[in-house]
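[1] Quick one, structure for this:
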Amino acid sequence: MGFEDRTIVAPAPEEPFLKLGRLRLLLALDALLMEGSVSRAAERMGIGTPAMSRLLGQIREVYDDPIFIRSSRRLIPTPFAESMRQRIRALAAEAEALFQPHVRSSDGLTIDLIASSGSPVIEAAPLTTRPSILLEGEPLPESFARKLAVIGKANDARKRLAKHSATIGAGIGHSRPLTTSEAEDAFCTILEGRADPVQVGALLSVMHFRGETAAELAGFAQAARIHIGATDPGSSSVDLDWPAYISPKSRRMPWFLQAALLLARSGYRILLHGNDGAGNIKGTLVSAARAIGIPICASPAAAADAIAEHGIAYIPVAALSSQIHSLLSLYSVLETRSSINSLMPLLNPLGAATSMMGVVRPAYRELHRDAGAVLGFRNMTILGASRDAAEATPFRSSTLLRLVDGRAEDLFVPARPEPKAYPLTGMTGLEYWRAVWAGKVRDERATDIVTATAATALLTLARGKAGQYETCRLRARELWDARRRCTP
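    Sure thing, here's the model as predicted:
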């Protein structure tokens, strides 16, 4: 499955110059992993940016892996690249150490001339391909790692959390991403209320600035799932998990709720979970769900009962965990998203067999798919969205990122012609939204959004191939046209 199934087969004997070229690729990969930027990695190795881009292309070809996903600020390593980080860093550090100037003392011990002279390193050691960035008195990465290992053995949760923050935030050459188990331990400490408030802000800020890895996101999500008592994916009677964590700044009507109800009425069991934003849109999802008869539940047990009876339920995140709800509320304090927002689509509280989620930032869509694979999700679809809820945008071409029986697949969906938008005709937003559902207002644009969203959910549930999307869309339109016979 994905990178976990990849095995590296020993290549046939190569000419010496080819072996040297492969070593150069490993050093280039180390620079890219440390810097998270092609231009900065090129500067570190003393080559031009185009040359570094070519090396990255060669690395991708050798390993048959993207290696990095580009985000707005930096390159985010794929899970496979993360799995090699420590081995490659150790190789590069050892290569640097071998070429440091040394002399022999009279008693046979080696003396480091740089350390004894007190002068900074300003030139690359002979025959290396990257300059050292260490100054006198700075600890080597190996020394830093040993220090963190000692802290990691401490029973004090705050010390362990400090260790995790130092691991990712100690600066270039001394930091690395957290492993899945480290990220899980860090977030468990926060969820259990044993973290200092400063530590919480520091960890979330550093991780958000640098960008989460799939391993870190999976560790955070696993900690949250343990915290709320979530069951393993596919272990319950729920068919589809549908997270709905809308942005506090969203002003769009929640058409995806109507799509979810269409599926529930056709026999599928759907769990919706989310928050209701803040400020002027607080309570929007609860009000809209109630308006069309979706049960609102105050506990996972109540949600399971409602799904058994009605086929659908919505549970606010506060009913799952007040601690997670409070952490999500930090958005108003930090005025930016954090890793808490990123993990919520992966929560899957009742262990549904399939998941469908909306992810706003393009680079994070593949990140969520990789994290889902790490968590054991086998069937999921990720849509590009503007609200962090799975709602299709049929008037723009898009690519659905999927896991189908554990295999990663991409499905391109072409744009459809956009019908004319209808005015509210003197109604409030909620009144108009419900009037469309009840058939009192005919809005083809809204209808296309609902049916495209329902079609994507049907394809996800059926684990269907690309050629089945149009069939699913026609089926969704049939469900929409038939809804009036049972609309309250």
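[2] going forward, measure contacts and count neighbours with C-alpha atoms only.
    OK.
[3] hey, where'd the strands end up in the stretch 351-488 of the chain?
    Assigned strands in the stretch 351-488 of the chain, in chain order: 354-359, 380-384, 398-404, 407-413 (criterion: DSSP state E, counting those that start in this stretch).
[4] Off-centre distance for the second one?
    Read that as strand 380-384. Distance, stretch centre to chain centre, for strand 380-384: 12 Å (Cα atoms, centre = their mean, to the nearest Å).
[5] what lines up beside it in the sheet?
    Here strand 380-384 is paired, per DSSP bridges, with strand 354-359 (parallel), strand 398-404 (antiparallel).
[6] Return the most buried member of the ones you listed.
    Across the strands paired with strand 380-384, the average number of neighbours (mean count of other Cα atoms under 10 Å) peaks for strand 354-359, which reaches a mean of 26.
[7] Output that strand as CSV, restricted to C-alpha atoms.
    Output of strand 354-359 as CSV, limited to C-alpha atoms (Å, rounded to 0.1, in the frame of the first residue of the first chain):
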residue,chain,number,x,y,z
THR,A,354,-15.5,5.0,3.7
SER,A,355,-14.7,8.7,4.1
MET,A,356,-15.3,11.8,2.0
MET,A,357,-13.7,15.1,2.9
GLY,A,358,-13.1,18.5,1.6
VAL,A,359,-9.6,20.1,1.9
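[8] returning to what we had before: which among the strands paired with strand 380-384 is found nearest to T460?
    Within the strands paired with strand 380-384, the stretch nearest T460 is strand 354-359; the backing value is 7.1 Å (Cα to Cα).
[9] Report the distance from that closest one to the chain centre.
    How far strand 354-359 lies from its chain's middle: 12 Å, per Cα atoms, centre = their mean.
[10] Same check on stretch 343-356?
    Relative to its chain's centre, stretch 343-356 lies at 13 Å (Cα atoms, centre = their mean).
[11] end-to-end on it?
    End-to-end distance for stretch 343-356: 14 Å, by Cα to Cα, to the nearest Å.
[12] Burial check on E309, number of neighbours?
    When neighbours are counted by other Cα atoms under 10 Å, E309 registers 11.
[13] if I look at it, how far off is A390?
    Distance, E309 to A390, by Cα to Cα: 24 Å.
[14] What of L272?
    Counting by Cα to Cα, the gap from L272 to A390 is 10 Å.
[15] go on, A421?
    A421 is 21 Å from A390, where distance means Cα to Cα.
[16] Using CSV, write out every CA atom in stretch 288-308.
    In CSV, the C-alpha atoms belonging to stretch 288-308 read as follows (Å, rounded to 0.1, in the frame of the first residue of the first chain):
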residue,chain,number,x,y,z
ALA,A,288,-29.7,23.9,8.5
ALA,A,289,-29.6,20.2,9.5
ARG,A,290,-32.7,20.6,11.7
ALA,A,291,-34.5,22.5,8.9
ILE,A,292,-34.5,19.4,6.7
GLY,A,293,-34.8,16.7,9.4
ILE,A,294,-31.2,15.6,10.0
PRO,A,295,-31.0,14.5,13.7
ILE,A,296,-28.6,16.5,15.9
CYS,A,297,-26.9,14.3,18.5
ALA,A,298,-25.2,15.1,21.8
SER,A,299,-23.1,11.9,22.0
PRO,A,300,-21.6,9.2,19.8
ALA,A,301,-24.1,6.7,21.2
ALA,A,302,-27.0,9.0,20.3
ALA,A,303,-25.5,9.4,16.8
ALA,A,304,-25.3,5.6,16.3
ASP,A,305,-28.9,5.2,17.4
ALA,A,306,-30.1,8.0,15.1
ILE,A,307,-28.2,6.5,12.2
ALA,A,308,-29.8,3.1,12.9
